[in-house]
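K.L.:
need a 3D model of the following:
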Amino acid sequence: RQVASQCRLLQSSSGRPSSPQIPQLPDDPISLQDAPGGLFQLPPGDPFPERVTVAWLSVFALAFALVCDPQENLSLAEITLRRLAPRLLVSLRLLGPGADVLLRPETADVLLDRLLPHGQMLFLNERFLQAVDREV
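P.N.:
Numbering: from 1, shown residues only. Just a heads-up that it's a prediction; the model follows:
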């Protein structure tokens, strides 16, 4: 809810209209350098027992979020999210218009397992990312 709220706030402040549907994904690789994103903190409570920081990224009509523990590197979280999001978007090509994203989690599971093993962020180089792309 808070990621959606942050996205709407950013879109309204920039004057860009929000799109309720996922548009047709382009055939070319997607650059997320200018994609809106940010950070916010969640206080201790439900669902996390301690304060956490959430890195988020808005791409098309989707928002991606990465929940970070207090000691985690937030710059690395942003980089990881920007490298993970286009790969997740490619996996969405398997879905038809109007289909639910959560119906096909297999590719997302493989990507998360390779790029965030056991929930740990890695410093990712291009060679490693190309190997993951070939594997997926």
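K.L.:
what packs against the longest helix anywhere in the chain?
P.N.:
Secondary structure of the chain per DSSP state H: the longest helix is helix 74-91. If contacts are counted by 3 or more C-beta pairs under 8 Å, 6 or more residues apart in numbering; DSSP states H and E, helix 74-91 sits against strand 37-42, strand 52-59, strand 62-68, helix 106-115, helix 126-135. C-beta here means a position set from N, CA and C on the backbone, and glycine is covered the same way.
K.L.:
check contacts around the residue nearest to the spatial centre of the chain.
P.N.:
Centroid-nearest residue in the chain: Phe64, 2.9 Å away (criterion: C-alpha atoms, centre = their mean). By C-beta atoms under 8 Å, 6 or more residues apart in numbering, the residues touching Phe64 are 56-58, 81, 84-85, 88.
K.L.:
can you redo the residues you listed as CSV with pLDDT, neighbour count and distance to Gln130?
P.N.:
Formatted as CSV, the contacts of Phe64 follow (pLDDT from 0 to 100; neighbours: other C-beta atoms under 10 Å; distance: C-beta to C-beta, whole Å):
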residue, pLDDT, neighbour count, distance to Gln130
Trp56, 89, 22, 26
Leu57, 89, 21, 21
Ser58, 83, 23, 26
Leu81, 87, 22, 19
Leu84, 83, 22, 15
Ala85, 84, 21, 17
Leu88, 80, 18, 17
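K.L.:
from those residues, which is closest to Pro105?
P.N.:
Leu88 (10.5 Å; C-beta to C-beta).
K.L.:
what is the neighbour count of the residue nearest to the closest one when sequence neighbours are not counted?
P.N.:
Closest residue to Leu88 apart from its sequence neighbours, by C-beta to C-beta, 6 or more residues apart in numbering: Ala108 at 5.9 Å. Burial of Ala108 is recorded as 17 neighbouring residues (other C-beta atoms under 10 Å).
K.L.:
how near is Ala108 to Cys7?
P.N.:
Distance of Ala108 to Cys7, computed by C-beta to C-beta, to the nearest Å: 20 Å.
K.L.:
so Trp56 makes contact with Arg1?
P.N.:
No: with contacts counted by C-beta atoms under 8 Å, Trp56 stays clear of Arg1, the gap being 11.8 Å.
K.L.:
I'm done for today, thanks for sticking with me.
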